[in-house]
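Participant: Take this sequence and fold it.
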Amino acid sequence: MNFADKTLKCRECGTDFVFTAGEQEFYQQKGLMNQPGRCPSCRSARRQASGGSGSRERAPREMHTVICAECGTETQVPFLPKNDRPVYCSPCYDKVRVARD
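Facilitator: The predicted model follows:
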């Protein structure tokens, strides 16, 4: 299907914006049936106002205190550690990850 750029009017601020052929193709590939109703600036402002997750608020991340298996420093991680796996602080994790690659 051939797409052509379309000029749309933002329902939020009323300015005209271009819905490009590339964006239309992307929408079709993702199965999105509706064209955007807001300009890129208003969409961005809306995402920032809602914490970037649409209309849902993200719950605060639960952190777990652990001891780094490499340097022994107390640190916090955003997952529940398993007893059979080593857990590292950020600097040590970076070193371990580089060593694996």
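Participant: Quick check: beta-bridge partners of residue 18?
Facilitator: Residue 18 has these beta-bridge partners by DSSP bridges: residue 7.
Participant: Run through the residues that contact it.
Facilitator: 5-8 (C-beta atoms under 8 Å, 6 or more residues apart in numbering). For glycine as for every other residue, the C-beta is placed from the backbone atoms N, C-alpha and C.
Participant: mind checking how far residue 15 is from residue 71?
Facilitator: In this view, residue 15 and residue 71 are 54 Å apart by C-beta to C-beta, to the nearest Å.
Participant: can you list the domains in this structure?
Facilitator: 6-49, 64-100 (automatic domain parsing).
Participant: Would you format those domains as a markdown table with mean pLDDT included?
Facilitator: As requested, these are exported to a markdown table (pLDDT from 0 to 100):
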| stretch | mean pLDDT |
| --- | --- |
| domain 6-49 | 92 |
| domain 64-100 | 90 |
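Participant: Let me know how buried residue 39 is, in neighbour terms.
Facilitator: 21 (other C-beta atoms under 10 Å).
Participant: correct me, but it touches residue 15?
Facilitator: Yes: checked against C-beta atoms under 8 Å, the pair residue 39 and residue 15 is within contact range at 5.7 Å.
Participant: buried sites along stretch 23-40?
Facilitator: Within stretch 23-40, the residues scored as buried using 16 or more other C-beta atoms under 10 Å are 23-24, 27, 36, 38-39.
Participant: who touches stretch 76-93?
Facilitator: With C-beta under 8 Å, 6+ apart as the criterion, stretch 76-93 contacts 61-71, 73, 75, 96.
Participant: so which of the buried residues of stretch 23-40 comes closest to residue 46?
Facilitator: Residue 46 lies nearest to residue 38 out of the buried residues of stretch 23-40, by C-beta to C-beta, at 6.8 Å.
Participant: The closest one: what's it in contact with?
Facilitator: By C-beta under 8 Å, 6+ apart, the residues touching residue 38 are 10-12, 46.
Participant: Who wins on neighbours among those?
Facilitator: Neighbour max across the contacts of residue 38 (other C-beta under 10 Å) = residue 10, 17 neighbours.
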